[in-house]
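K.L.:
here you go, sequence then predicted model.
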Amino acid sequence: MGDAMSSSQTSPQKLTPPPVYDRRSKGRVIHKDASKHRILPEDHKREFSHNQSVLQPLQDRRNMPRTSPVNHWRNLLIWVGLILAAMGVNQAFHFFFNHVSPPLSVMPALNSVENEAFMALNVKMVDAGAAHSVVLDSALKKQLAALKKAHYTAVKLEQINRWQHSASAELPAKPVLITFDEARRDTMEITDAILASLGMSALVFVDVDKLNKGNLQLVSWHQLEKLVRSGRWDVGISGCVGGDESAFTSDTLLAQKFVRQREQLERQLQIPITTVNCTRRASINTANGVARWNKALQEASLQTGFVAASFGANYRQDTKTHFKRIDVTVPSSAAQLLATLNRYAPRRTAFVDSFHSKNLDSNWVVGNGSIVPDNGLLTLQSKDGEQGALMTLGGTEKWQDAEVEVSLKNKPNGQFWIALRQGIGQSFLRLGLANDKVMLQETNGSGLTKVLAEHALPIDTLTLKLRVVGSRVMAYLNGVPLLARPVKTTHTADHGAFSLAVWPDSSGVKAGAASAFAQVMKISATPLAQKSAIVAPVLGAVAWAKLRQQADTLSIVSPNYFTWSGGVAKSLARHNISLEIFAWHHHLKILPAVLINEATPLSEIKALTEQALIWVADPSYQGLNIILKNSVVDEKWQAFLNTVKQRLSQLDKTLVVTLLNDNSTLPITQQDGLLLVTDQMRFISTAPIVLYPHSAKP
């Protein structure tokens, strides 16, 4: 129906691209067309003129009367006072009339930058009765002050857009985007004063039609202009308000609606409008709804979109038209806000829970069922009318390599499973108990399973451990491997969450509180950094022994075949048949190491790039591992690495960058060398772990 309606539209309105504001155009708006640039006069920009003093010519010194003695100190003080007064007037002028955002006063963070994700908050003001304004003011001030004290940094939409579009762009540590769904008058007045006092910023989505009608509960256009001029507020389009669903039947109609609102906002506020939100799932989660939403944003020249979705962080690789927000109610406690952020923030460290508290740890996200901790035991059981219980560890939705271990008190009633890389509609891995067996399974998004290993169920205490590294999975029962070596998965997703679940046996037990039941004593979950073994071209006995010992924890093996120094490429070797057989047997990728001399000038980068492509053309290689000293990597070297990464990705090959600390050395000519490093696939200064060969000193 929606497509039929859209096809019946006659001569759809031409969509105008957003204006680009250029300081050099002196207040004019430059519209970028596909074929030309047009400079249009700006009707809505106020021009301010300044009276200038003109110096008059002095009289001839010979005709001037004798001057009296001058008090230089007094004149100095007078001039200093006049200069300070002039500076104050100038600052006041810029504060009131300049559209450039003032620098925000931000508390120094514990970590300097964030490369992976940001959090977005959706602040909802709840009616507080007679003392509404006082209660909301106090509660919101405590919440935002708690964010700052916990070293969160309020970011602006411009920073998010730049970070999304540039691989080298970074966000400040613990970034959070504060948003509001509506520009209510009382909310904006309360919030703006708090933001000013804390040096923070926020984003508000506005409904242009309501503003045009002069809704008294909302800010006026004049008030919105003042908020924007303060530099503390970004503005977006409220995309699905009221009961208007007609626009969502066609991406053309939806885009026209967004363009109309964007153009009026830009004319009124004199800032670019780049984002839109939709708070109703039903408007997008329909047949072709997602594709229609994405196309409408593209046609309306909107860079980002916020939609109603499950809570979580927004990662760099996420779809930028489907950013998520976490609802925060005011009034609520600052502790609740911080706990919520901590729950959904990317989890980068190990997590252990022994359930000694009577309250479930705030890091867990409960899906369904009854999940109650008490006295060192966590009880998971289904509720009446439900088929089971499910809980997920927050912040793990992007975990790739990981290891989890769960200890059960006894045999559960029904099935019990722990899963890694779980996501909606995608394949994942699970280890659990069912039908009196311990089973390792690969499950696709449709519910079909493939058994990778199984074992008879023991009588004593049960401890299950599941480890996934790359495409390899290993399972353990009470510390004993279920497999002789890791098994390679075929269709499992490359990332996903860690979860636990219990549900009735496949024998068909009636749903209810007693149909699925398990008691857990301890859970540990650890994200694993990918590891690559950088080895000499020919390995000795000691290196082979260490490589075999570490094989199950490795993803990549990098024989040090290539070097670049003085503009000359050298190949120490091209193949090591024994190493290639070993890598194939253990499902390891072969990414030969390329050691680049730290004195390499930037003039050699083009030749080095072409040489790298020649090296990686060998079909037995899955990519390259470029090794550099950490101290030499600057923006130009990052540009080189990004170029190589793009060229290799076109060949369906991988680039790994290993940064060595200045005091680290890599064995080149030794025949018995082994070096392990963590590979985060990005620029991280981490000290490698050296496994000393017999020819090196421990």
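P.N.:
Sure thing, it's come through.

K.L.:
list the buried ones in stretch 518-525?
P.N.:
Residues of stretch 518-525 classed as buried: 518-523, 525 (neighbour count, 16 or more other CB atoms under 10 Å). Yep, even glycine has a C-beta here, placed from its N, CA and C like the rest.

K.L.:
same question, stretch 316-331
P.N.:
316, 320-326, 328, 330.

K.L.:
farthest-apart pair in the buried residues of stretch 518-525, please.
P.N.:
519 and 525 (18.5 Å; CB to CB).

K.L.:
now residue 255: how far from residue 529?
P.N.:
Here residue 255 is placed at a distance of 43 Å from residue 529 (CB to CB, to the nearest Å).

K.L.:
can you flag which of the buried residues of stretch 518-525 belong to strands?
P.N.:
518-523, 525 (DSSP state E).

K.L.:
any chance of those residues in CSV, plus distance to residue 601?
P.N.:
Listed next are these as CSV, based on distance: CB to CB, whole Å:
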residue, distance to residue 601
518, 63
519, 65
520, 59
521, 60
522, 56
523, 53
525, 46
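
K.L.:
the more surrounded of residue 255 and residue 529?
P.N.:
A count of neighbours by other CB atoms under 10 Å puts residue 255 above the other of residue 255 and residue 529, at 23 against 16.

K.L.:
next, the buried residues of the helix or strand hosting residue 584.
P.N.:
Residue 584 is located in helix 577-585, with elements delineated by DSSP states H and E. Across helix 577-585, burial judged by 16+ other CB under 10 Å covers 579-580, 582-583.

K.L.:
closest one to residue 336 out of these, please.
P.N.:
residue 583 (49.5 Å).

K.L.:
surely that closest one meets residue 592?
P.N.:
No. Using CB atoms under 8 Å, residue 583 is not in contact with residue 592, being 11.4 Å away.

K.L.:
got the contact list for residue 656?
P.N.:
Each residue near residue 656 by CB atoms under 8 Å, 6 or more residues apart in numbering is listed here: 532, 556, 558, 591, 623-626, 679, 681.

K.L.:
out of those residues, what pair is the most spread apart?
P.N.:
558 and 681 (13.9 Å).

K.L.:
what lies in contact with whichever strand or helix holds residue 466?
P.N.:
Assigned by DSSP H and E, residue 466 falls within strand 462-469. For strand 462-469, contacts defined as CB under 8 Å, 6+ apart pick out 400-408, 410-411, 418, 420-421, 429-433, 438, 440, 473-479, 486, 492, 528, 530, 552-555.

K.L.:
out of those residues, which are inside helices?
P.N.:
Secondary structure assignment by DSSP state H places none of the contacts of strand 462-469 in helices.

K.L.:
filter those to the buried ones?
P.N.:
Using 16+ other CB under 10 Å, the buried ones in these are 400-408, 411, 418, 420-421, 429-433, 438, 440, 473-477, 486, 492, 528, 530, 553-555.

K.L.:
mind listing which of those residues are in strands?
P.N.:
Per DSSP E, these map to strands at 402-408, 418, 420-421, 429-433, 438, 440, 473-477, 530.

K.L.:
hang on, the earlier thing: of residue 558 and residue 681, who's got more company?
P.N.:
The neighbour count for residue 558 versus residue 681, taken as other CB under 10 Å, is higher for residue 558 (26 against 13).

K.L.:
I'd say the more buried one and residue 625 touch.
P.N.:
Yes. If you go by CB under 8 Å, residue 558 and residue 625 touch, sitting 4.1 Å apart.

K.L.:
now do the shared contacts for these two.
P.N.:
In contact with both residue 558 and residue 625: 532, 534, 591-593, 656, 658, using CB under 8 Å, 6+ apart.

K.L.:
show me where the stretch 301-450 of the chain has its strands.
P.N.:
Under the criterion DSSP state E, counting those that start in this stretch, the stretch 301-450 of the chain contains strands at 304-307, 314-315, 326-330, 351-353, 364-368, 370-374, 377-381, 389-393, 402-408, 415-422, 428-434, 437-443, 449-456.

K.L.:
please name every helix or strand in contact with the third one.
P.N.:
Looking back up the chat, that one is strand 326-330. Where contact means 3 or more CB pairs under 8 Å, 6 or more residues apart in numbering; DSSP states H and E, strand 326-330 is packed against strand 117-125, helix 132-149, helix 334-344.
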